[in-house]
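K.L.:
Structure for this input, please:
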Amino acid sequence: MPRSLALLCLLVATVIWGFAFIAQKTAMDVMGPLTFMAGRYLLGGLVILPLALYENARRPEPLTGRQWALIGFLSVNFFMGSWLQQAGLLYTTVTNSGFLTGLYVFFVPLILLVVFRTPPSRLVWLAVPIALFGLFLLNGATLDGFNQGDLLVIGSAVFWALQVLVLGFLARETGRPVFISAISFLAAGLLSAGGAFAFEAPTLQAVQLGWVEILYAGLLSTAIGFTLQAVGQQHVPPANAAIILSAETLFAALGGAVILGERLPGAGYAGAALIFAAILLVEVIPQFKRKAAVLG
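P.N.:
I've put the predicted structure just below:
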């Protein structure tokens, strides 16, 4: 796949995910977070399952035990990231959730440092306090505006960071991005369904009332968006992929403003800009330095 097409895959995924925050938020007017997740992920997994099985059949070498274990680990992280994010939307806004989810770009280098002993660049240490101050402004320059929903979404960003790392590695190593995506969707859907029946009270009426949100999140955000992520990450380095995927925060804020009428406090706009500037700092500047070194 040409690099330009891979970049387009990631960009389209960010647009879909950004507006998906609205469906995730409004769906919980009629159903619990686990019920919604079960509907979207089972639908998304079943939609791409035929293509996933076809892709897997075309690969002559079978998956190893280690690769299956990593797929299992990926699926757990995918479920946990989704659950914490979805539960956080019960208490926080679409705009806040979108920006806070984007913090996974900071957790990626931190995980690499702890697990793989790969130290992050000095730019990370500069970007982290900028992002923290941006969070402070995003919540109205007061800690009172920072609620439990925001904390849940920040927790989800840790699992999304693991998902980005593991998915990119598995997609490149196995050449089965669609198959891996389908397995993680179905696994997350089954875990969500079990949790919904254990802790919520899912009803057919609730699903009927929220069918539009489930359809958007299942077909577009899950089947198309996450699959495009897996395909794109086969051909785009992690740093480049992270900055493109973090653009979903902008589309989440745009969707929250246009469709839900959400408005940031005055200082929130500066906070949102600082968070995104920190993401750009930690992901884009190294790319420019490498290009300058090559040209020099």
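K.L.:
low-confidence ranges in the stretch 151-296 of the chain?
P.N.:
Across the stretch 151-296 of the chain, the ranges flagged by pLDDT under 70 are 237-240, 243, 250, 262, 264, 282-284, 286-296.
K.L.:
where do the helices sit along it?
P.N.:
177-199, 204-209, 211-215, 227-232, 238-245, 248-258, 266-283, 285-295 (DSSP state H, counting those that start in this stretch).
K.L.:
Now do the buried residues in the first one.
P.N.:
Which is helix 177-199. Within helix 177-199, the residues that qualify as buried are 177-193, 195-196, counting by 16 or more other C-beta atoms under 10 Å. Placement of C-beta: from N, CA and C, glycine included.
K.L.:
What is that helix packed up against?
P.N.:
helix 33-58, helix 65-88, helix 148-174, helix 227-232 (3 or more C-beta pairs under 8 Å, 6 or more residues apart in numbering; DSSP states H and E).
K.L.:
One more: the second one?
P.N.:
Other helices and strands packing on helix 204-209, by 3+ C-beta pairs under 8 Å, 6+ apart, are helix 33-58.
K.L.:
can you pull the contacts of Asn56?
P.N.:
176, 179 (C-beta atoms under 8 Å, 6 or more residues apart in numbering).
K.L.:
let's see 10 Å
P.N.:
62-63, 174-176, 178-180, 182-183 (C-beta atoms under 10 Å, 6 or more residues apart in numbering).
K.L.:
Need those in JSON lines (columns: distance to Ala27).
P.N.:
Converted to JSON lines, these look like this (distance: C-beta to C-beta, whole Å):
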{"residue": "Pro62", "distance to Ala27": "38"}
{"residue": "Leu63", "distance to Ala27": "34"}
{"residue": "Thr174", "distance to Ala27": "33"}
{"residue": "Gly175", "distance to Ala27": "34"}
{"residue": "Arg176", "distance to Ala27": "30"}
{"residue": "Val178", "distance to Ala27": "26"}
{"residue": "Phe179", "distance to Ala27": "28"}
{"residue": "Ile180", "distance to Ala27": "26"}
{"residue": "Ala182", "distance to Ala27": "22"}
{"residue": "Ile183", "distance to Ala27": "24"}
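K.L.:
Pick out whichever of the residues you listed sits closest to Phe99.
P.N.:
Ile180 (28.0 Å; C-beta to C-beta).
K.L.:
contacting residues for the closest residue to that closest one other than its chain neighbours?
P.N.:
Excluding its sequence neighbours, the residue lying closest to Ile180 (C-beta to C-beta, 6 or more residues apart in numbering) is Leu170, at 5.3 Å. Applying C-beta under 10 Å, 6+ apart to Leu170 gives the contacts 63, 67, 70-71, 73-74, 176-177, 179-181, 184, 230, 233-234.
K.L.:
how about a cut-off of 8 Å?
P.N.:
67, 70-71, 74, 176, 180.
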